[in-house]
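S.K.: Got a predicted structure plus its sequence, pasted below:
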Amino acid sequence: MHQGLLRDGFTEDLKKFDVPTLILHGDDDQIVPIAGSALLSAQLIKNATLKVYKGAPHGLCTTLKQQVNEDLLAFIKG
């Protein structure tokens, strides 16, 4: 379903983003694989910054909350 959402529902919307965008994703996410979600989104969104967490699973905002918070703050201050 997740790949269908990007392909069928959000592709044109992502192309319209006109603000700097941070995309966070774990490269070991078994629920929403990175190829059909974050990698595609990063290609479609102008000015996107993709941060890939090596070995991180789905739910990285919980499992790596300290790192995610630091990366969010750095991006906002950016």
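M.R.: Noted; the coordinates are in hand.
S.K.: give me the beta-bridge partners of the residue most central in space within the chain?
M.R.: With distances taken as C-alpha atoms, centre = their mean, the residue of the chain nearest its centroid is residue 23 (3.0 Å). Beta-bridge pairing of residue 23 under DSSP bridges involves residue 50.
S.K.: list the buried ones in the host helix or strand of residue 42?
M.R.: Using DSSP states H and E, residue 42 maps to helix 38-44. Across helix 38-44, burial judged by 16 or more other C-beta atoms under 10 Å covers 38-42, 44. For glycine as for every other residue, the C-beta is placed from the backbone atoms N, C-alpha and C.
S.K.: So among the residues you listed, where is pLDDT lowest?
M.R.: Least confident of the buried residues of helix 38-44 in the model: residue 40, at 90.
S.K.: and residue 34, how many neighbours does it have?
M.R.: Using other C-beta atoms under 10 Å, residue 34 has 20 other residues around it.
S.K.: Just the pLDDT at residue 37, thanks.
M.R.: At residue 37, the model reports a pLDDT of 88.
S.K.: hang on, isn't it packed against residue 26?
M.R.: No - using C-beta atoms under 8 Å as the test, residue 37 is too far from residue 26 to be in contact (10.7 Å).
S.K.: So which of those two has more stuff around it?
M.R.: Just comparing residue 37 and residue 26: by other C-beta under 10 Å the higher neighbour count belongs to residue 26, 22 against 18.
S.K.: Help me confirm that that one comes into contact with residue 50.
M.R.: No - taking contacts as C-beta under 8 Å, residue 26 lies outside contact range of residue 50: 12.0 Å.
S.K.: Where do the strands of the protein begin and end?
M.R.: 21-26, 48-53 (DSSP state E).
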